[in-house]
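Undergrad: I'll drop the sequence and a predicted model, then ask my questions.
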Protein chains: 2
Amino acid sequence: MAVPPASSVRRILVSLHESVGAEPSPGAPADYIPELATADPDLFGVATATADGDVHEVGDTCHAFTIQSISKPLLYGMALEDHGVDGVLAKVGVEPTGEAFNAIRLDEETGTPLNPMVNAGAIATTGLVRGADPAARLERILRTVGRYVGRRVEVDEAVYASEAATGHRNRAIAHLLRNSDVLEGDPEEALDLYFRQCAILVTCRDLALIGATLANRGVNPVTGERALEERHVARVLSVMATCGMYDAAGQWLFDVGLPAKSGVAGGVLAVLPGQIGIAAFSPPLDEFGNSVRGVRVCGELSRRFALHLFETPRPGRSAIRRRWTVASAGSRRRRTGEESAVLRAEGGAVRVYEVHGDLGFTAAAALARAVAEDLPGGGYAVFDVGRVTGVNRAAAAILGDLREALEAAGTHVVVVDPDARFAVRTVPPPEYPDAGTDLDAAVEWCEDLLLRRHGVQPQADRDDEVPLGDTELCRGMPAEEVAELAAVIERVEVAAGGALLRQGDPPDAVLALARGRVRVVAAAPDGGPPVRLAAVGPGMLMGEAAFVDGLPRSASAIAETDVVAYRLGREAFEGVSDHDDLRTRSHVLAAIARTLADRMRRVSAELAAMS
Amino acid sequence: MAVPPASSVRRILVSLHESVGAEPSPGAPADYIPELATADPDLFGVATATADGDVHEVGDTCHAFTIQSISKPLLYGMALEDHGVDGVLAKVGVEPTGEAFNAIRLDEETGTPLNPMVNAGAIATTGLVRGADPAARLERILRTVGRYVGRRVEVDEAVYASEAATGHRNRAIAHLLRNSDVLEGDPEEALDLYFRQCAILVTCRDLALIGATLANRGVNPVTGERALEERHVARVLSVMATCGMYDAAGQWLFDVGLPAKSGVAGGVLAVLPGQIGIAAFSPPLDEFGNSVRGVRVCGELSRRFALHLFETPRPGRSAIRRRWTVASAGSRRRRTGEESAVLRAEGGAVRVYEVHGDLGFTAAAALARAVAEDLPGGGYAVFDVGRVTGVNRAAAAILGDLREALEAAGTHVVVVDPDARFAVRTVPPPEYPDAGTDLDAAVEWCEDLLLRRHGVQPQADRDDEVPLGDTELCRGMPAEEVAELAAVIERVEVAAGGALLRQGDPPDAVLALARGRVRVVAAAPDGGPPVRLAAVGPGMLMGEAAFVDGLPRSASAIAETDVVAYRLGREAFEGVSDHDDLRTRSHVLAAIARTLADRMRRVSAELAAMS
């Protein structure tokens, strides 16, 4: 059972629907199309759909009515796709008219309609829709509207017939447009298609989804289907913003602050780009031809949800989720004391940026600035872009610039792009195969470069077999004890890819690596890909925690190369009782405790850096 | 030395300034005001300023010119502050005129100007600025403009005199406005003030800062001073969007997609709300009275930086930076085996949400939805809002609703608000004093509630003195060894607030807590407040890592209550040699290793959950 708060939005919609619907709506259904005049004036629905597909509806949201002028922006989008921006601008302008929806005014010089949201402009854009014949054009329109709403739509034949029989003014407009060559061919054909598409049946819920699709860069967030090419979405929203609400466009943007479109059947649709589509349906209209309740609902929702275009929250300005240097945290490669000392002292040269969010100009510029302020020339910069959800062209240009400038300044740049979503991933050398996809591996690579620059050969590079006495298991142990211990030690060889220890197994032994590289991994708690907890090199312990606490192993140890390890069985160790054995045992425990303490310190530092 | 990429934005501005400035600008400086006609047509500056105060300038950005019409939105903002929205709307409309800036057209019924961006509207809003006398009104205007640009501004007396002497058309407009009672009192007085404020001297850089101030909700991002009440910012930007560029407003929004304003001295200002102000200065004007190069620069910047209002990146839709439950991670309170087992098994009931970013409707609604989907009734929900940068009223309403609904469903809600920036912080009981400000303390509180609900008394609640033999130091140790150990153990008492161990001190002992509560804290790597690494209760070890590895202490242990502890000195421990002592030593080491292993497991789980 989910807790009620999912309905926080719904509750607001319900209360709004109640308050706006409490009295009969002023105004009356449109009467210039006889079929529309018969609409029930009490029908009233409100719906919202977010750009990520969360839909809420209250009231008569499933009642079908004709789309009327709300199709205008959709048709305009089709015209842009079919003819490009310039091709369409040659036929229809984008200036608000300051006049009514059925104004017959055309540009004095060119004879073109002033914008695509008045009838003249919409008849012109209907004439621009490509298709072999009228039926094919209608089918294209039905399919496109269908993609916006997420289902097949149909024409209401009665409304179409009524409108076609009485649309004298629109007929006059069509012939004027033919006269100025805005319409080519038979104007009656374009007009007929215009009347048909005006009569497409939609519901209030459909309108919310049209809005959500426009809010979601042209993709219906419920079906995932694209209804409009992304590059045209801003244009369509622009004409909605300046011309969508007829002669009250200025007041509408001032008050409501949302690109919007209304239809004479009583529908109203408003869009907050990137966020939400809101829709209302109520047939009685005001003097401008907009649904009275629809206008009220959009205004109220804009106010209550603070959706005004110029009032909404800033996009996250910091693209940096977290930044740290190797001086405070580090890779999970276990390091020798010498390595750790160098990394602590010089690790400031390796800077890690975990980047997130949708990157546009502002976020990218701020990121570039922060990086430039951080980094002197040289050094190492690791960018983890795994949590970036999008990069627009402005951000891509700035970040490309940043990488170039960093590299020109002698900085080694590694871009970690786990899902290869951006064309920027670093291709590392074969010794660090995962450094382009795994942050930890990338950091390890930079650490190794830093160590070598400071004359320290990383332990992991060692390819001879480390003698038992030099392993962590025998830290601080006299030679004679090492010899005793050697008697109960087993030598284990595992080929690359094999497991030395398995998560969940009983803790039967502790291992010290003699040669090769091992990765310690644990299953992710949420079933995601395994998490790399440590990388172990020659001389280092594995499985020590389970060895001392007797609990099942919490991680697996996987050989990255062919490896050799020393194995100390728990049984042999526990059985000890005589004095010399006790001394050895005590040394082994001290060695294990020291290794654990060392790891605790590193991990605590990492946690502190993360906090 | 900072690396070049800081100039990534600058480089684009430079290249744009070069390409647009390569040829002499078409058009000519305004000539209707004689003083303006003398402007050098080759002057050319470009500047940008982000909402967080990053300024870039290229070319003649310090040359002073008169603000002219760019003051109109600022005056309109003052009128809104002085008279409220309705008071101003009664005098000036907000509809685009589709006519030139100096149009004399007024509303046919009311005689009011159509919008505040044409001269008639601006003269009207100038008449609305309050002040004891004309001098006081001018001083208020100078101060307000000064707050937008971040410095004291002055009037260019020559331009003022020239404009006052030749502004016949504006004089006519003023008298018409007096005729329709839009102006009250002497119209010459308002007109004089209008001419003076048109002649305020600004630079291109100033314009960018005016833009950044509007982008930053009315606060100059460089000085931090407020220039316009936040609630009026959206209104001012709205009239700029629909009416700012005179009769090309539709085309401007379509192409450039930014609220903007130009002035006849050659300045152009555009704003992307929440993000950036961009400005250009070049005196030659086009047929509409807009700077030719200024229009080109704004268009190019909008395209190159992808700044179109309807094309910019979505604000981060997920407000949840990280979410986890106590089943996978937990507080840093060290737990007994029994406690850990219950927390692992039942910890799913304690859900932690780390919330971040600027929360508006969409982000808040998505958060509420996610929480509702996660949580069955009951349980515990911890919200850390320390990284939230802003909550608008819509988000506040939704989150208030969420909290209410959760609590109605029996969920224990804790809001952690470290800097007390929101009026939502939880006030916890005295036993958990920091739970309203510290995430870890809040999680600990919920864990304890969960444990008690499952019949397990948290160890930290224990207020008797734990005998030595029951501490972690003696885990698995026979009684006779405990007795031997007791001989070398020292009993330590520390009052609440005192330190048992100090970060950086030599590792002279390991401690086991007998009574009370202790917090283990480390200095933050970046000099921030100390990080709580662990909370220790009766029976638990402290200082064990340094004890075994001999390195200086990496953290301090601070008594939260009056405490008693057992202290085992390192010297006494190291000196051991006979058989029985060795056995004891071995046991102590095994106990310490076990404690360390236990902590490693917890910390590894926490890291895995964080990854």
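TA: Perfect, thanks for sending it.
Undergrad: can you map out the helices along the stretch 201-350 of chain A?
TA: A:204-215, A:230-243, A:249-255, A:292-304, A:337-346 (DSSP state H, counting those that start in this stretch).
Undergrad: Determine which stretch of these is the most buried.
TA: helix A:204-215 (a mean of 29; mean count of other Cβ atoms under 10 Å in any protein chain shown). Using the backbone N, CA and C atoms, a C-beta is placed for each residue, glycine as well.
Undergrad: now for that one, which elements pack on it?
TA: strand A:45-50, strand A:55-59, helix A:134-149, helix A:230-243, strand A:267-272, strand A:276-281 (3 or more Cβ pairs under 8 Å, 6 or more residues apart in numbering or on different chains; DSSP states H and E).
Undergrad: so that helix versus strand A:55-59, what angle?
TA: Counting by axes from the mean of the first three to the mean of the last three Cα atoms, to 10 degrees, helix A:204-215 lies at 150 degrees to strand A:55-59.
Undergrad: need the helices and strands packed on helix A:204-215 in TSV with mean pLDDT, can you?
TA: Converted to TSV, the helices and strands packed on helix A:204-215 look like this (pLDDT from 0 to 100):
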stretch	mean pLDDT
strand A:45-50	95
strand A:55-59	95
helix A:134-149	97
helix A:230-243	93
strand A:267-272	95
strand A:276-281	96
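Undergrad: Tell me which of those approaches chain B most closely.
TA: helix A:230-243 (3.9 Å; Cβ to the nearest Cβ).
Undergrad: what's the spacing between the closest one and its chain's center?
TA: Relative to the centre of its chain, helix A:230-243 is centred 22 Å away, using Cα atoms, centre = their mean, to the nearest Å.
Undergrad: Mind checking if it is in reach of chain B?
TA: Yes: judged by Cβ under 8 Å from any Cβ of the partner chain, helix A:230-243 comes into contact with chain B at A:233-235, A:237-239, A:241-243.
Undergrad: Let me know the closest of the residues you listed to B:Arg335.
TA: A:Val233 (53.0 Å; Cβ to Cβ).
Undergrad: what about the residue nearest to the closest one when sequence neighbours are not counted, neighbour count?
TA: Using Cβ to Cβ, 6 or more residues apart in numbering or on different chains and skipping the chain neighbours, the partner closest in space to A:Val233 is A:Gly218 (4.8 Å). Residues near A:Gly218, counting by other Cβ atoms under 10 Å in any protein chain shown, number 20.
Undergrad: surely A:Gly218 meets A:Glu230?
TA: Yes: applying Cβ atoms under 8 Å, one finds A:Gly218 in contact with A:Glu230, separated by 5.1 Å.
Undergrad: Next, A:Val521: secondary structure please.
TA: At A:Val521 the chain is in strand, as set by DSSP: H, G, I helix; E, B strand; the rest coil.
Undergrad: so it bridges to which residues?
TA: A:Arg532, A:Ser556 (DSSP bridges).
Undergrad: residue contacts, A:Leu89?
TA: Not one residue lies near A:Leu89 by Cβ atoms under 8 Å, 6 or more residues apart in numbering or on different chains.
Undergrad: one more time with 10 Å, if that's ok
TA: A:80, A:83, A:112, A:235, B:251, B:254-255 (Cβ atoms under 10 Å, 6 or more residues apart in numbering or on different chains).
Undergrad: Report the separation between it and A:Gln459.
TA: 67 Å (Cβ to Cβ, to the nearest Å).
Undergrad: same question, A:Gly357
TA: Counting by Cβ to Cβ - A:Gly357 and A:Gln459 are separated by 38 Å.
Undergrad: Shouldn't A:Val385 be within a strand?
TA: Yes: when three-state DSSP is applied, A:Val385 is found to be in a strand.
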